[in-house]
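Colleague: Coordinates for the following, if possible.
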Amino acid sequence: MGIIGWIVLGLLAGATAKLLLPGRDPGGFIGTTVIGIAGAFVGGWISARFLDHPVADHFYDGATWLAAIGGSLVLLIAYRLLFGHSRR
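Modeller: Model prediction:
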């Protein structure tokens, strides 16, 4: 799967993470989208590096999707913890 595939996967993973973790985000839609893309990369890296499950080369692998959504959730939670109260 190429870089464009990871970006599309990240967009969808970010949207899914936002659905699973509703509420106001400090960055809005654009911030959540960027976090989703970064989360897909982080989740894939963690899966390959520490869980000994390299990401698949095709777009429809369930483990790749779970890694991307998990990475997006982790980054979204960290982002909210770091910057969530700065708008008040």
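
Colleague: Now Leu12: closest residue in space, sequence neighbours ignored.
Modeller: Gly36 (7.5 Å; C-beta to C-beta, 6 or more residues apart in numbering). To be clear about C-beta, it is placed using only N, CA and C from the backbone, and glycine gets the same treatment.

Colleague: Okay, and Gly23 sits in which element?
Modeller: Assigning secondary structure by DSSP states H and E places Gly23 outside every helix and strand.

Colleague: Roughly how far does the residue nearest the centre of the chain sit from Gly44?
Modeller: Taking C-alpha atoms, centre = their mean, the centroid of the chain lies closest to Ser72, which sits 2.2 Å from it. Distance, Ser72 to Gly44, using C-beta to C-beta, to the nearest Å: 11 Å.

Colleague: now swap in Pro54 and tell me
Modeller: Look at Pro54 and Gly44: by C-beta to C-beta, they are 9 Å apart.

Colleague: if you count what's nearby, which of the two comes out ahead?
Modeller: Per other C-beta atoms under 10 Å, whichever of Pro54 and Gly44 has more neighbours is Gly44, with 23 against 12.

Colleague: ok, now which ones touch the more buried one?
Modeller: By C-beta atoms under 8 Å, 6 or more residues apart in numbering, the contact set of Gly44 is 6, 55, 64, 67-68, 71.

Colleague: Also Thr16?
Modeller: With C-beta under 8 Å, 6+ apart, Thr16 has these contacts: 69, 72.

Colleague: mind checking pLDDT for it?
Modeller: As summarised for this prediction, Thr16 has a pLDDT of 85.
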